[in-house]
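Visitor: pasting the structure only:
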């Protein structure tokens, strides 16, 4: 998917919501556990109920790997279901991969080509040659971890290298890499005030913003400091939407939570 | 496996060799491609031929994920084969994972509990709460990326934070985390001279050293600067061993390459 197609979808749906499909069998409605593939059954119901309210789905691969081969089958079925039924949706493999060059190529092929995700999240620690293999895929996107939403972000990311925080060094350095136009960035919403400075470094890039909702970020602040002329934002919510109810109405409840966020986004889009 | 058991194995086998099982179907002998599971058939032959010469096997998960569900089945069969037949061997899932706390817990469970690896490699960028879930597993080990062997290591890892390189900050900070006695570290052999300084920060920890062989590191220098009283080294070779031959003698050729390294290690162990 091109960035222009993503922007068009956002303007059409009046939403820049990304829904995190982080499925834990202990948290889904019990009546689904008798299904042949409870994870896929849950995802399918959530997707069918929310696809008109969001522009992206983001399964975190950890939740699928935790169930071994069956989990990978659920992930494969989920991405195929989205691609076949809602091809306008932007898909994100939240995998946080990264390795030396030839090995990163294997990961890139797995997520962007074989599973056919539109994008994959990548960790920056190993530098240029660990990220560029992901960037080489045309009309695919590499979402680089810059400033994450967890407490551990303060251990290294916000420390200063030569007067500049590590996450800003990551942003600046990554702009020099081959095919850097295919980069997006993870920026945690718990630090919305940082977004203004981040926008000075990467004015045009899309930001994937986790941490609105369960992790406490504020949507208005994110838009105030982070939105650009092409919107440039994907705001993620996972648990706050998909676990809205454990009863048979779980998909409808998820849709209500998603709609509440979408309506806020619509208002913020109209305000700008 | 406890660290003491690993040390005992090293002294017994006179080897601190780790063999990387990074299996690419384009590089294995063609006669194996007719097997039901060519990757596992290759690994099984390599393991049977080399287990007495090495103390650890390290499959890089990227090479298995690249083949989707079949790849995961090959990985599962490989770790089960090692654990069932050669339980003295230390196993490393080279996965380079890392995510926010509850998500890292899913990865830790997948690799350390379900697949029953002895250890897993983890990226430090997201800090304390992304690593501690891995450290919580008793008699399991978390191998933290510190200084990697690729060119991209110079993008961020060797930059200085408040007068100290990022990788040294990672080493020092990680020592303060809960269950830090379960930490080992990845330190690339292409920078053997750095090992002396690294040993000042973490004198007692085991180091996983990639980059000897294909990536050009020097075994003697690694031992000179990196060995401690408990040996404290696992030196990895992947392509240099497993792809020694594409013919029917591939396993025997791999064993010869492994033995050449093991004999160097034996001499270095006797010298100390």
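Guide: That came through, no problem. For clarity, every value in this text was computed on a predicted model and none was experimentally measured.
Visitor: quick check: the residue of the stretch 1-150 of chain A nearest chain B.
Guide: Minimum separation of the stretch 1-150 of chain A from chain B (Cβ to the nearest Cβ) falls at residue A:127, amounting to 2.4 Å. (Each C-beta comes from the backbone N, C-alpha and C, glycine too.)
Visitor: neighbours of that residue, how many?
Guide: Using other Cβ atoms under 10 Å in any protein chain shown as the criterion, residue A:127 is surrounded by 24 other residues.
Visitor: show the pLDDT at it.
Guide: At residue A:127, the model reports a pLDDT of 97.
Visitor: any regions of the stretch 101-250 of chain A where pLDDT drops low?
Guide: In the predicted model of the stretch 101-250 of chain A, residues A:213-217 satisfy pLDDT under 70.
Visitor: what sits against the residue of the stretch 1-150 of chain A closest to chain B?
Guide: A:173, B:150-157 (Cβ atoms under 8 Å, 6 or more residues apart in numbering or on different chains).
Visitor: ok, residue A:206 next?
Guide: A:3, A:6, A:141, A:184-185, A:232-234.
Visitor: please tell me how far it sits from chain B.
Guide: Using Cβ to the nearest Cβ, to the nearest Å, residue A:206 is found at 20 Å from chain B.
Visitor: need the phi and psi values for that residue.
Guide: Phi and psi for residue A:206, reported as degrees, to the nearest 10, are phi -80, psi 140.
Visitor: which residues touch the residue sitting furthest away from the middle of chain A?
Guide: Using Cα atoms, centre = their mean, the residue of chain A lying farthest from its centre is residue A:162. It sits 30.4 Å away. Residues in contact with residue A:162 (Cβ under 8 Å, 6+ apart) are B:159-160.
Visitor: measure it to residue B:161 for me?
Guide: To residue B:161, residue A:162 is 9 Å away according to Cβ to Cβ, to the nearest Å.
Visitor: neighbours around residue A:167, how many?
Guide: 29.
Visitor: for the helix or strand that it is a member of, name the packing helices and strands.
Guide: Assigned by DSSP states H and E, residue A:167 belongs to helix A:166-174. If you count contacts as 3 or more Cβ pairs under 8 Å, 6 or more residues apart in numbering or on different chains; DSSP states H and E, helix A:166-174 packs onto strand A:141-147, helix A:195-201, helix B:153-156.
Visitor: and these, which is most packed in?
Guide: strand A:141-147 (a mean of 26; mean count of other Cβ atoms under 10 Å in any protein chain shown).
Visitor: what strands line up against it, and which way round?
Guide: Here strand A:141-147 is paired, per DSSP bridges, with strand A:119-122 (parallel), strand A:183-187 (parallel).
Visitor: pick the most deeply packed of those.
Guide: Of those, strand A:119-122 is the most buried (mean count of other Cβ under 10 Å), at a mean of 26.
Visitor: which strands and helices sit next to the helix or strand following that strand?
Guide: Counting by DSSP H and E, the element after strand A:119-122 in chain order, helix or strand, is helix A:128-135. Counting contacts by 3+ Cβ pairs under 8 Å, 6+ apart, helix A:128-135 is packed against helix A:101-108, strand A:119-122, strand A:141-147.
Visitor: tilt between helix A:128-135 and helix A:101-108?
Guide: 30 degrees (axes from the mean of the first three to the mean of the last three Cα atoms, to 10 degrees).
Visitor: so residue A:212 is in contact with residue A:233, correct?
Guide: No. With contact defined as Cβ atoms under 8 Å, residue A:212 does not reach residue A:233; the gap is 10.3 Å.
Visitor: common neighbours of these two, please.
Guide: In contact with both residue A:212 and residue A:233: residue A:222, using Cβ under 8 Å, 6+ apart.
Visitor: what about residue A:247, neighbour count?
Guide: Residue A:247: 11 neighbours (other Cβ under 10 Å).
Visitor: try the one 5 residues further on
Guide: Residues within reach of residue A:252, counting by other Cβ under 10 Å, total 14.
Visitor: kindly state the pLDDT recorded for it?
Guide: At residue A:252, the model reports a pLDDT of 98.
Visitor: chain neighbours aside, what residue packs nearest to it?
Guide: Once flanking residues are discounted, residue A:252 sits nearest to residue A:49: 6.3 Å by Cβ to Cβ, 6 or more residues apart in numbering or on different chains.
Visitor: residue contacts, residue A:125?
Guide: So residue A:125 contacts A:98, B:123-125, B:145, B:148, B:156-157 (Cβ under 8 Å, 6+ apart).
Visitor: now tabulate the residues you listed in TSV and tack on distance to residue A:221.
Guide: TSV is the format used below for the contacts of residue A:125 (distance: Cβ to Cβ, whole Å):
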residue	distance to residue A:221
A:98	29
B:123	29
B:124	29
B:125	24
B:145	33
B:148	36
B:156	28
B:157	32
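Visitor: what is the nearest of those residues to residue A:108?
Guide: Closest to residue A:108 out of the contacts of residue A:125 is residue A:98 (10.5 Å), distances taken as Cβ to Cβ.
Visitor: which stretches in chain A count as strands?
Guide: Along chain A, the stretches classed as strands by DSSP state E are A:17-20, A:56-58, A:90-97, A:119-122, A:141-147, A:160-161, A:164-165, A:183-187, A:207-209, A:233-237.
Visitor: tell me which of these lies nearest to residue B:134.
Guide: Smallest distance to residue B:134 across these (Cβ to Cβ): 13.7 Å, for strand A:90-97.
Visitor: that closest one versus helix A:101-108: what angle between them?
Guide: Using the same axes, to 10 degrees: strand A:90-97 against helix A:101-108 is 140 degrees.
Visitor: re the thing from before, out of the helices and strands packed on helix A:166-174, the one nearest residue A:166 is which?
Guide: Here helix B:153-156 is closest among the helices and strands packed on helix A:166-174 (Cβ to Cβ), at 6.9 Å.
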